[in-house]
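Asks: test case, fold it:
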Amino acid sequence: MKQENKLNDLGKLLAKDNIGSIYREKGSPYHYLIEETNECRDYVCDYNTLYIQTPSLVDTKCIFTELRNNNILFTYGPNRVPFCQTNDILDVRNIIINDKKFIHCIDLSDGVTQMFANEVGAFFTPSMITFLRKIDKPFVYLMSMQELRNDMSDKPVEFMSPRGYRYLIEASKLRKDKKEGYNEKELLLLKNCEIELSFENKRREICDWAPSRLSAIYLMDDTLASSENIASMFSEKRLKPKVILVNIAGLARIIKVDYRWVEAYFEEPKVEYIENYWHSLPFQDNSTTWEYLHEGGLFVLDEEYEPYKS
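Replies: Residues are numbered from 1 along each chain as shown. Below is the predicted model of the structure:
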């Protein structure tokens, strides 16, 4: 899809669902109302922008989607709060319609995970639970880089804590108990910890609004390529892997990234690889190694997932 046509194509796609939109070129002024106030603010577009009406969203009058460099779509919610970065117009549509299916891998050997999947029918990220329940647990987004590296040994592991967060806890415990003479397995753990810290540090520099690899739920598109990718990624990392179909639960933060940049950084630690990751750039042309980092909740769909066989 050509860059100059991408916002127009998004507008046409939304029109099929009777969602109105207005196209604004870079440098054009527009006005928007601050939610729950009568204050109207003026804004000048830094990029070509689609102003999208969203009558289906509760207490939300509009969202704004910018077409940024490298054909990336960046979407703001109410009050211009950023919450989506992607290269796919269907992801922007899903913010409003919320009918897109994603796939997510769970471990049926974990009783708590199985309970949430089968009985509750929903999942939430640890940071979202901490925020909603106002409980006294570590909130990744408020912890300093020094705390994440050195003060994690006594932190709890939630059932939805991603692997990167667990690396930090295990590495912190290891460094506390052992100063030298690490074996091969321990060295790999420490390396993975430093990689996650490097990605988190750069996230805070480049896009601090984005979900952290240390808190987010990892999703993929419901495609054959993704089914093959998720099978290779988790077949040996889950005792009883099961791929499930999910919908995103309401407005949340989400970013589409190519995980091959993480693998490349593991082999050769170039800062540009981390930057490319957070800028949502493809590892190669026609890349099929995309995943989503989602901060928020998921609804488990009452459907069996077909392409992936455990």
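Asks: got the domain ranges for this protein?
Replies: 3-97, 102-300 (automatic domain parsing).
Asks: where does pLDDT dip in the stretch 151-300 of the chain?
Replies: Filtered on pLDDT under 70, the stretch 151-300 of the chain yields the residue ranges 234-238, 250-251.
Asks: which stretches of the chain form helices?
Replies: 3-15, 89-97, 111-115, 126-133, 145-150, 163-177, 184-206, 224-234, 260-267, 271-278 (DSSP state H).
Asks: possible to save the ones you listed as CSV with distance to F64?
Replies: The C-beta positions use only the backbone N, C-alpha and C, and glycine is treated the same way. Conversion of these to CSV gives the following (distance: least, C-beta to C-beta, whole Å):
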stretch, distance to F64
helix 3-15, 11
helix 89-97, 10
helix 111-115, 36
helix 126-133, 24
helix 145-150, 31
helix 163-177, 31
helix 184-206, 20
helix 224-234, 29
helix 260-267, 27
helix 271-278, 21
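Asks: quick one: closest of those to Y43.
Replies: Closest of the helices of the chain to Y43 is helix 3-15, at 16.7 Å (criterion: C-beta to C-beta).
Asks: what lies in contact with the closest one?
Replies: Here helix 3-15 makes contact (C-beta atoms under 8 Å, 6 or more residues apart in numbering) with 1, 20-21, 23, 48-50, 52, 65, 67, 71, 73, 89-90, 92-93, 96.
Asks: among these, the buried ones, what's the PyMOL command?
Replies: PyMOL command restricting these to the buried ones, with burial defined by 16 or more other C-beta atoms under 10 Å:
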select buried, resi 21+48+49+50+52+65+67+73+89+92+93+96
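Asks: strands - which of the contacts of helix 3-15 land there?
Replies: 21, 23, 48-50, 52, 65, 67, 73 (DSSP state E).
Asks: for R253, give its distance to C84.
Replies: Separation of R253 from C84 (C-beta to C-beta, to the nearest Å): 7 Å.
Asks: again but with V44, I slipped
Replies: 22 Å.
Asks: ok, the two, which is more surrounded?
Replies: Shown here are V44 and C84; by other C-beta atoms under 10 Å, C84 has more neighbours (24 against 10).
Asks: correct me, but the more buried one touches L90?
Replies: No. Using C-beta atoms under 8 Å, C84 is not in contact with L90, being 11.6 Å away.
Asks: neighbours of L239, how many?
Replies: Around L239 there are 9 residues (other C-beta under 10 Å).
Asks: need phi/psi at the residue lying closest to it once chain neighbours are set aside.
Replies: Sequence neighbours aside, S109 is the residue nearest to L239 in space, at 3.9 Å (criterion: C-beta to C-beta, 6 or more residues apart in numbering). S109 has phi and psi values of phi -70, psi -10 when expressed as degrees, to the nearest 10.
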